[in-house]
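>>> coordinates for the following, if possible.
(2 chains, ligands or ions: 2)
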Amino acid sequence: MNSISTDICIIGAGPVGLFAVFEAGLLKLRCHVVDALPQVGGQLSEIYPKKPIYDIPGFPDILAGDLVNNLMRQIEPFHPTFTLGERVEGYRKLDDGSFVVTTIDGTEINCKAIAIAGGLGSFEPRKPAIEQLESFEQGKGVYYMVRDPETFRDQRLVIAGGGDSALDWTIFLANVAKEVTLVHRGTTFRGAADSAEKVKHLHEAGKVNLVLSSNVTHVHGNGQLHAVTITANDGTATELPVDSFIPLFGLTPKLGPIEDWGLELEDNAVKVNTLDYSTSEPGIFAIGDINTYPGKLKLILCGFHEAALMCQGAFKHIFPEKKYTLKYTTVNGVPTL
Amino acid sequence: MTEDVRVYVEEAPGQRTEVSGPTDMGLSLMELLKASGYDIQATCGGMALCGTCHIEVLAGPALDEPSDDELAMLESLPVMSQGSRLSCQIRLTERLDGLVLRLMPQNT
Ligand SMILES: Cc1cc2nc3c(=O)[nH]c(=O)nc-3n(C[C@H](O)[C@H](O)[C@H](O)COP(=O)(O)OP(=O)(O)OC[C@H]3O[C@@H](n4cnc5c(N)ncnc54)[C@H](O)[C@@H]3O)c2cc1C
Ligand code: FES
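Residues are numbered from 1 along each chain as shown, chains lettered A, B, ... in the order given. Ligands and ions are numbered 1, 2, ... in the order given. Sure thing, here's the model as predicted:
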């Protein structure tokens, strides 16, 4: 079991969670960031990485993906640590007032304050409607994300999907796996043109099997996946022996476990006090798209502002005795941790 | 004054609810469905970027062909049928009158 100790545990590596690391760093508070996605950036990375944003102060326009990269550079001096690809499930409060945050994979983060920056919720994979699919999850042959490509070394793989991630992973895993079959319900790929081109070349070179106009319709095995059935649009079905099946149909946000934490909610969002963005539970704060208060605007800018005030509140919660005086970064520069 | 356009949401086989909305406000079908209380996430606000407004057209008038962006999004979803569309990409016009649709489940 993985165990981490920090000052603030930030749930959500979207823009707001990332900027909270900076604001916490200025107060010399250490942060550990957890996200269900394997990469940082929240909605910006998952939904619109290539779209320009026009309302970030100081940037007349900036691509969402670039804003995320800049935020990562900005927080580098504070050496935040990350647990990516793991959804936060619950927390418990210890006698000394500190918390232990737990993830779905059993990682435990011991912290003095929790900042929920969960946005629209944790991004969960869209699953195809295949009977028994779920019984092969959790290491038994069905994977909805590629966290560690080495998992698939020398395996026989079937990847399903027609978007960018299906194409990208087909290309990457062609060099790792023993055999890769890409199954796509259409006949053309509308993902990035050069990725589609690369997959075509790999297919022509015999490195990737392409099965178009078809769907994976059944999974077979006994405790461990052994084979999948691929059904063509004309109804012909073929059974293919496989070690792993990776359906890649994108992700969709779900509010998830935080809904059941007993925090005061309103319209699926966490109610906060705008003084410091504290929730109904002392020591737990909520910032960004996941919170609500009179006049709330779901904008990155507003989330940044909330992060700054939240960190002041977290500082007071962690060090009730200490007095904090605001220092401008222009005066002292950016300290490091 | 323009007449409201009527569309029908099939909640279960044979069970249809009528919803209607104005055609002179530049609304999308997604906005009409959302305003009518249907549980559509529409995370990206109608930019064909999220796929959470996916519907299936079951019957009714012929619609314009989907754009490349819409098709790309639809093709990346786990379920796509003949009638699959992104409701945010369909404008509410008189031509839609009588359309029958069903909401597509989000996670299957
Ligand atoms: C298409 C589109 C265009 C937009 N354009 C703009 C714009 O121009 N300007 C602007 O200001 N805003 C814009 N927005 C809104 C902006 O993206 C959001 O306000 C912003 O992303 C909110 O940031 P966040 O950090 O609060 O949440 P998110 O970006 O949603 O990140 C939250 C993260 O938390 C993670 N998470 C949630 N629950 C858990 C859990 N239990 N365990 C682990 N991880 C969890 C999620 O996986 C996610 O990565 C746009 C949104 C969309 C969809
Ligand atoms: S609302 Fe996002 S695709 Fe329609």
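>>> helix or strand with the lowest mean pLDDT in chain B?
Between all helices and strands in chain B, the lowest mean by mean pLDDT, DSSP states H and E belongs to helix B:68-75, at a mean of 89.
>>> who touches that one?
Contact with helix B:68-75 is made by A:162-163, A:184-186, A:190-191, B:48-51, B:54, B:66, B:80, B:84-86, B:89, as judged by C-beta atoms under 8 Å, 6 or more residues apart in numbering or on different chains. Where C-beta positions appear, they are placed from N, C-alpha and C, glycine not excepted.
>>> A:Q74 belongs to a helix?
Yes - the assignment for A:Q74 is a helix, going by DSSP: H, G, I helix; E, B strand; the rest coil.
>>> on that earlier part again, which element follows the least confident helix or strand of chain B toward the C-terminus?
Next along the chain after helix B:68-75, taking DSSP states H and E as the criterion, comes strand B:84-86.
>>> how many neighbours does the residue in chain B positioned nearest to ligand 1 have?
At 3.9 Å from ligand 1, B:C44 is the closest residue in chain B, using C-beta to the nearest ligand atom. By the measure other C-beta atoms under 10 Å in any protein chain shown, the count of residues near B:C44 is 19.
>>> check it and give its pLDDT.
According to the prediction, B:C44 has pLDDT 92.
>>> for A:M1, give me the pLDDT.
68.
>>> ok, A:V334 next?
The model reports A:V334 with a pLDDT of 86.
>>> give me the neighbour count for the nearest residue to it once chain neighbours are set aside.
Spatially, and ignoring its direct neighbours in sequence, A:V334 is nearest to A:P77 (5.4 Å; C-beta to C-beta, 6 or more residues apart in numbering or on different chains). The tally of other residues near A:P77 (other C-beta under 10 Å) stands at 14.
>>> next one: the spatially most central residue of chain B from ligand 2, what distance?
The C-alpha lying nearest the average C-alpha coordinate of chain B belongs to B:S87 (C-alpha atoms, centre = their mean; 3.0 Å). Using C-beta to the nearest ligand atom, to the nearest Å, one obtains 7 Å as the distance from B:S87 to ligand 2.
>>> flag the shaky bits of chain B, pLDDT-wise.
B:1-2, B:106-108 (pLDDT under 70).
>>> can you rerun that using 90?
Within chain B, the ranges that satisfy pLDDT under 90 run B:1-3, B:13-14, B:39, B:41, B:68-69, B:72, B:75-76, B:78-82, B:105-108.
>>> the helices in it, which residues?
Shown for chain B, the helices assigned by DSSP state H span residues B:29-35, B:68-75.
>>> now swap in the stretch 1-150 of chain A and tell me
A:15-26, A:43-46, A:64-75 (DSSP state H, counting those that start in this stretch).
>>> output the contacting helices and strands for the last one.
Translated: helix A:64-75. helix A:15-26, helix A:43-46, strand A:52-53 (3 or more C-beta pairs under 8 Å, 6 or more residues apart in numbering or on different chains; DSSP states H and E).
>>> so how far is the last one off the chain centroid?
So the one you mean is strand A:52-53. Strand A:52-53 has its average C-alpha position 21 Å from the chain's average C-alpha position, going by C-alpha atoms, centre = their mean, to the nearest Å.
>>> ditto for the second one
Its chain's C-alpha centre lies 9 Å from the corresponding centre of helix A:43-46 when counted by C-alpha atoms, centre = their mean.
>>> contact partners of it?
Contact with helix A:43-46 is made by A:14-15, A:37, A:39, A:64-65, A:67-68, A:119-120, A:123, A:251, A:253, A:289, B:43, as judged by C-beta under 8 Å, 6+ apart.
>>> ok, the last one next?
Counting contacts by C-beta under 8 Å, 6+ apart, the residues outside strand A:52-53 that touch it are A:59, A:61-64, A:67, A:300.
>>> and ligand 2, which of those reach it?
Here nothing survives when these are matched to ligand 2 using C-beta under 6 Å from any ligand atom.
>>> just the residues you listed now: which is nearest chain B?
If you rank the contacts of strand A:52-53 by distance to chain B using C-beta to the nearest C-beta, A:A64 comes first, at 10.7 Å.
>>> neighbours of the nearest residue to the closest one once chain neighbours are set aside, just the number please.
Distances taken as C-beta to C-beta, 6+ apart place A:L44 nearest to A:A64, at 3.8 Å, with adjacent residues excluded. The tally of other residues near A:L44 (other C-beta under 10 Å) stands at 23.
>>> just B:G37 next, same as before
When counting by other C-beta under 10 Å, one arrives at 9 neighbours for B:G37.
>>> returning to that earlier point: contacting residues for the residue of chain B closest to ligand 1?
Counting by C-beta under 8 Å, 6+ apart, B:C44 has contacts A:47-48, B:50, B:52, B:88.
>>> which one of those residues has the most neighbours?
Busiest of these [other C-beta under 10 Å] is B:C88, holding 28 neighbours.
>>> give the contact list for it.
B:28-31, B:42, B:44-48, B:53.
>>> leaving out the residues flanking it, which one is nearest to A:T238?
Going by C-beta to C-beta, 6+ apart, A:T238 has A:I230 as its nearest residue, at 5.2 Å.
>>> in the sheet, who's paired with the one you found?
Counting by DSSP bridges, A:I230 forms beta bridges with A:V216, A:T238.
>>> check the gap between A:V101 and B:S87 for me.
38 Å (C-beta to C-beta, to the nearest Å).
>>> please disregard the earlier target; I meant B:T52.
With C-beta to C-beta as the criterion, B:T52 and B:S87 are 10 Å apart.
>>> give the intersection of the neighbour lists for those two.
Common neighbours of B:T52 and B:S87 (C-beta under 8 Å, 6+ apart) are B:I40.
>>> can you map out the strands along chain B?
Here chain B has its strands, by DSSP state E, at B:5-12, B:15-21, B:54-59, B:84-86, B:99-103.
>>> buried residues in the second one?
By neighbour count, with 16 or more other C-beta atoms under 10 Å in any protein chain shown as the criterion, the buried positions of strand B:15-21 are B:19, B:21.
>>> what angle do it and strand B:5-12 make?
150 degrees (axes from the mean of the first three to the mean of the last three C-alpha atoms, to 10 degrees).
>>> mind checking how far strand B:15-21 is from the chain centre?
How far strand B:15-21 lies from its chain's middle: 12 Å, per C-alpha atoms, centre = their mean.
>>> so what touches that strand?
B:4-11, B:27, B:32-33, B:35-36, B:92, B:100.
>>> surely A:L29 meets A:I8?
Yes - A:L29 is within contact range of A:I8, at 5.6 Å (criterion: C-beta atoms under 8 Å).
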